[in-house]
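# Return atomic coordinates for the entry below.
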Amino acid sequence: MMDSRGKAVGRYLLRLVGGVSVIIGLLMAFSSLVDANLVGIVLSAVLIGGGVFALKRSGGPRRAEASTSVPVAGR
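Okay, the predicted model is just below:
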């Protein structure tokens, strides 16, 4: 089992990898659009999707949990 420090380091590493892959995917998409390279565009979409998945898995604040704790007026 991992301790809390190991989990925190893993989350930061996953955020770093996810952010870098999204940035590289965006740069790759723009450069592939200039050359009209369909394979590059598809690969960049896969890279961006993987980066977004890594960012979602890294944790962070959950908006759904925060919004359910606030009472809504008029109910």
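
# Now do the host helix or strand of Val52: which elements does it pack against?
Using DSSP states H and E, the element containing Val52 is helix 38-57. If contacts are counted by 3 or more C-beta pairs under 8 Å, 6 or more residues apart in numbering; DSSP states H and E, helix 38-57 sits against helix 4-35. (Glycine included, C-beta is placed from N, CA and C.)

# orientation of the helix it packs on relative to helix 38-57 in degrees?
Helix 4-35 and helix 38-57 are oriented at 160 degrees to each other (axes from the mean of the first three to the mean of the last three C-alpha atoms, to 10 degrees).

# Could you give the separation of helix 4-35 from the chain centroid?
Centre-to-centre, helix 4-35 and its host chain are 7 Å apart (C-alpha atoms, centre = their mean, to the nearest Å).

# pLDDT on that helix, on average?
Averaging pLDDT along helix 4-35 gives 90.

# in it, what's buried?
By neighbour count on 16 or more other C-beta atoms under 10 Å, the buried set for helix 4-35 is 14-15, 18, 21-22, 25, 28-29, 32.

# returning to that earlier point: show residues contacting the helix holding Val52.
Contacts of helix 38-57 with the rest of the structure, by C-beta atoms under 8 Å, 6 or more residues apart in numbering, involve 14-15, 17-22, 24-26, 28-29, 31-33.
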